[in-house]
Structures are given as structure tokens and as C-alpha cells.
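Undergrad: Here is the input, now give the coordinates:
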Amino acid sequence: MPLSEQEQRLLDEMERHLMQNDADVVSAHADRALSYRNLIYGAVLLLAGIGGLIVGVIVGNVGGIIIGVIAFAAMLAGLMLALTPVHRAGGRDAATDPKQSEPTPSFMDRMNDRWDRRHGEH
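TA: Alright, predicted model coming up:
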């Protein structure tokens with residue numbers, strides 16, 4: 001069953017909006033990745049914090065509370081270090097890359113072109 005003109009217009013508008021938002025998300029996170037070095041250091045700091053919490057529970061009293069708070073802060077710092085993305089050094093810039101400077105047609109535009117070519121040949 002074909003779409004009405006209003007439904008087709010609404011679908012095209014939703015597609016443009018989605019492509020625009022997806023392009024924003026992709027470009028915002030394209031040059032960022034997790035670093036293995038930060039993952040290792042963060043994991044070690046997290047494990048040290050867990051060990052510090054265990055020591056704080058064993059020591060007890062006021063000294064144990066201080067050790068526990070420091071250990072918790074170490075765990076939090078380790079988690080943040082492990083999950084913080086870093087900028088990639090080899091990221092490509094759209095202004096210097098001639099392939100990226102040309103606008104690429106959307107999926108639906110390519111499908112419409114294929115449809116037109118297919119039905120134009122018959």
C-alpha cells in the first residue's frame with residue numbers, strides 16, 4: 001500500500017532529522033577512543049582502592065574510616081581514568097580531506113536513485 005503525500009513528506013522530514021542528529025553524534029565522538037594505557041592504570045587503581053577498603057574494614061576505628069574514604073576516592077579515580085576517552089592523534093579533518101568535503105547522499109537518496117534507474121530502463 002503506497003504512502004499518501006502527507007505521510008511521505010513526514011517520513012522524509014523524519015529521515016532528514018535523524019540523519020542530521022546521527023551525523024552530529026558521530027562527528028562528536030569520531031575522534032575519541034579509549035586508551036589501553038588508561039584502562040590498565042585505571043584497573044590497577046580500582047583494585048588498589050578495593051584493597052584499601054578491605055584494609056580499612058580490618059583496621060576499624062577512626063583510622064579505618066580515613067583509609068576507607070581514601071580507598072573509595074582511589075576507586076572512583078581509577079574508574080574515571082579507565083573510562084575517559086582520549087583524542088586520537090591520527091584523526092582526519094573534513095576541511096583537509098577532499099573525500100569528506102563532498103556531501104554524501106543519504107541512504108534513501110541512493111535507494112531512490114536506484115529505483116529511478118531500474119524503472120527508467122524498462
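Undergrad: Where does pLDDT dip in the chain?
TA: 22-32, 88-102, 121-122 (pLDDT under 70).
Undergrad: where do the helices sit along it?
TA: Under the criterion DSSP state H, the chain contains helices at 5-29, 36-59, 61-83, 98-101, 107-121.
Undergrad: got those as TSV, with mean neighbour count columns?
TA: Where C-beta positions appear, they are placed from N, C-alpha and C, glycine not excepted. Output for those, formatted as TSV (neighbours: other Cβ atoms under 10 Å):
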stretch	mean neighbour count
helix 5-29	10
helix 36-59	15
helix 61-83	15
helix 98-101	10
helix 107-121	10
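Undergrad: Check the offset of stretch 36-44 from the chain's centre.
TA: Centroid displacement of stretch 36-44 relative to its chain, using Cα atoms, centre = their mean, to the nearest Å, is 19 Å.
Undergrad: swap in stretch 111-122?
TA: 36 Å.
Undergrad: Could you do stretch 105-115 as well?
TA: On Cα atoms, centre = their mean, the centre of stretch 105-115 falls 27 Å from the chain's centre.
Undergrad: same thing with stretch 74-87?
TA: For stretch 74-87 - counting by Cα atoms, centre = their mean - the centre lies 15 Å from the chain centre.
Undergrad: Please save the CA atoms from it in PDB.
TA: Taking Å, rounded to 0.1, in the frame of the first residue of the first chain, the C-alpha atoms of stretch 74-87 are listed here in PDB:
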ATOM      1  CA  ALA A  74      41.100   5.900  44.600                       C
ATOM      2  CA  MET A  75      38.400   3.600  43.200                       C
ATOM      3  CA  LEU A  76      36.400   6.500  41.800                       C
ATOM      4  CA  ALA A  77      39.600   8.000  40.200                       C
ATOM      5  CA  GLY A  78      40.500   4.600  38.700                       C
ATOM      6  CA  LEU A  79      37.100   4.200  37.200                       C
ATOM      7  CA  MET A  80      37.100   7.700  35.800                       C
ATOM      8  CA  LEU A  81      40.600   7.200  34.400                       C
ATOM      9  CA  ALA A  82      39.700   3.900  32.800                       C
ATOM     10  CA  LEU A  83      36.600   5.200  31.100                       C
ATOM     11  CA  THR A  84      37.700   8.600  30.000                       C
ATOM     12  CA  PRO A  85      38.200   8.700  26.200                       C
ATOM     13  CA  VAL A  86      41.200  10.400  24.700                       C
ATOM     14  CA  HIS A  87      41.600  12.100  21.400                       C
END
